[in-house]
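K.L.:
here are the coordinates; sequence isn't available:
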Ligand code: AMP
Ligand code: SF4
């Protein structure tokens, strides 16, 4: 497991910076990336369907860039993949290489100019770049680049990566990328198209997932393997942490860049974010979630009448919980399928209302019963409070809340929106206090050990657990305006576990 001595603890970092949470609150990104090199296929349509499968990773904007050997064409827009791309648009995107992106962000930075891929024209040609993850030193890099005369059109860190690559002046994109990554710290799963090449890379810590597949004489890369199933591609393997994959008319080449002793794969991908039908590092996500539910039942034996999942994210864990405890599973909480993910609403007030639009319990099933509600996580506590309240009003005798992950007490800076620290209920409430705050008769979390053990295909020291334990694999650089910071102070310390 992660040791305290080799990582930076949240409290230590926040003492260095001022207003840690708010400074970063506009940096959050959750995204999905997809890339294809297949001269014989309609690459735009394959990317379209790939992005469809990754839609859960971002619903705010999407884009596809297609390279035909001479130039790169791009189309991007705000909204869902199905809203942005029509037949005519896809017909106009003809080529042999494509990269695509779906994006979700939490703030006003959700403008079209921030949609990806980013298309860049530079001295060595064109590149279209799509990125999932968050860099932790974007501000400093951007400041340094701007001081050197660079001009940025967006506020996203992906443009900083593209700018760094362009500035290296290297003829080959992979060489430019190898130079650029010496400067960037944090999480990045990248797919880049040039006129003739598809390049994919996962950061040395491997925070965000990225996998490689093959399809009809071509290659595909995707944030999640579920996209391969959608387009009939076969999963070959994960892109390794720190690995650069280059695909062109000479075939596939792999370049391994230096990596720390252990990867830091985001455990939250298994808890909540990834699709259950995806496989990450050899571990199917649904099976991991069911195992989390079984362990939750082992850790907290219970005396109740019904196990009720909070749809959709709580279903696999509730299934495992029911199997292990022997208590019957009841789908007594109904989800309105036409409402998007609750957290897509940017303001707290809207979020609270959205929960009741989205979920409704079945009174006839729960009246007079002792129920165990099972969800994957409690972040702000808004959803769980609303749901507990709904079940009380529906006549449940006792309402217990089971969570198939530990309390989320620290913010994420590596690409998942887990909110500012002040909004995380576990940052200021004990389990008992949280239980009271959400109005439940009992609140039971899965232990960190139980969560990690449930993902049994991945070694236990290969995870980032920072939002649960506050130990950040890469230090978040000191905050404040970069102009006021010495260059040394702005350098992030790479974890040397
Ligand atoms: P809340 O505690 O109200 O903030 O929301 C918890 C619910 O949101 C749970 O049902 C989770 O499935 C879901 N959730 C999990 N992770 C996130 C996240 N990163 N952002 C927003 N909601 C999330
Ligand atoms: Fe994932 Fe949490 Fe680490 Fe962020 S802090 S990368 S959400 S495990």
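P.N.:
In hand now; what should we look at? Because the structure is predicted, anything quoted here is derived from the model rather than measured. Ligands and ions are numbered 1, 2, ... in the order given.
K.L.:
how much space between residue 377 and residue 384?
P.N.:
Distance of residue 377 to residue 384, given as CB to CB, to the nearest Å: 9 Å. C-beta: built from backbone N, CA, C; applies to glycine.
K.L.:
cool, and residue 472?
P.N.:
Relative to residue 384, residue 472 is positioned 26 Å away (CB to CB).
K.L.:
One more: residue 194?
P.N.:
From residue 194 to residue 384 the distance is 47 Å (CB to CB).
K.L.:
So between these two, which is more surrounded?
P.N.:
The residue with more neighbours, out of residue 194 and residue 384, is residue 384; 26 against 22, by other CB atoms under 10 Å.
K.L.:
Let me see the contact set for that one.
P.N.:
By CB atoms under 8 Å, 6 or more residues apart in numbering, residue 384 lies in contact with 310, 373, 375, 378, 401, 438, 440.
K.L.:
Next: residue 222.
P.N.:
Per CB under 8 Å, 6+ apart, neighbours of residue 222: 32, 33, 34, 35, 50, 53, 54, 210, 211, 213, 228.
K.L.:
quick one: which of the residues you listed sit in helices?
P.N.:
The members of these that map onto helices under DSSP state H are 50, 53, 228.
K.L.:
Just put those residues in a markdown table and tack on neighbour count, pLDDT and distance to ligand 1.
P.N.:
A markdown table is the format used below for the ones in helices among the contacts of residue 222 (neighbours: other CB atoms under 10 Å; pLDDT from 0 to 100; distance: CB to the nearest ligand atom, whole Å):
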| residue | neighbour count | pLDDT | distance to ligand 1 |
| --- | --- | --- | --- |
| 50 | 33 | 98 | 23 |
| 53 | 25 | 98 | 20 |
| 228 | 25 | 98 | 24 |
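K.L.:
May I see these arranged in JSON lines, with distance to residue 119 as well?
P.N.:
Listed next are those as JSON lines, based on distance: CB to CB, whole Å:
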{"residue": "50", "distance to residue 119": "19"}
{"residue": "53", "distance to residue 119": "23"}
{"residue": "228", "distance to residue 119": "25"}
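K.L.:
all strands for the stretch 101-250 of the chain, in order.
P.N.:
118-122, 125-132, 189-194, 198-202, 211-215, 218-222, 234-238, 243-248 (DSSP state E, counting those that start in this stretch).
K.L.:
right, so of those strands, which gets closest to ligand 1?
P.N.:
Among the strands of the stretch 101-250 of the chain, the nearest to ligand 1 by CB to the nearest ligand atom is strand 125-132 (14.2 Å).
K.L.:
chain center to the closest one, what's the gap?
P.N.:
19 Å (CA atoms, centre = their mean, to the nearest Å).
K.L.:
ok, which stretches of the stretch 301-450 of the chain are helices?
P.N.:
Taking DSSP state H, counting those that start in this stretch as the test, the helices found in the stretch 301-450 of the chain are 315-325, 348-358, 363-366, 382-393, 425-428, 431-438, 448-454.
K.L.:
So which bits of the stretch 1-150 of the chain are right by ligand 2?
P.N.:
Taking CB under 6 Å from any ligand atom, no part of the stretch 1-150 of the chain reaches ligand 2.
K.L.:
give me the residue from the stretch 1-150 of the chain nearest ligand 1.
P.N.:
For the stretch 1-150 of the chain, CB to the nearest ligand atom, closest residue to ligand 1: residue 30, 7.3 Å.
K.L.:
Which residue comes closest to that residue once chain neighbours are left out?
P.N.:
residue 104 (4.6 Å; CB to CB, 6 or more residues apart in numbering).
K.L.:
Give the residue spans of the stretch 351-497 of the chain that score low on pLDDT.
P.N.:
351-355, 477-497 (pLDDT under 70).
K.L.:
Enumerate the residues of it near ligand 2.
P.N.:
412, 414, 416, 418, 464, 465, 466, 467.
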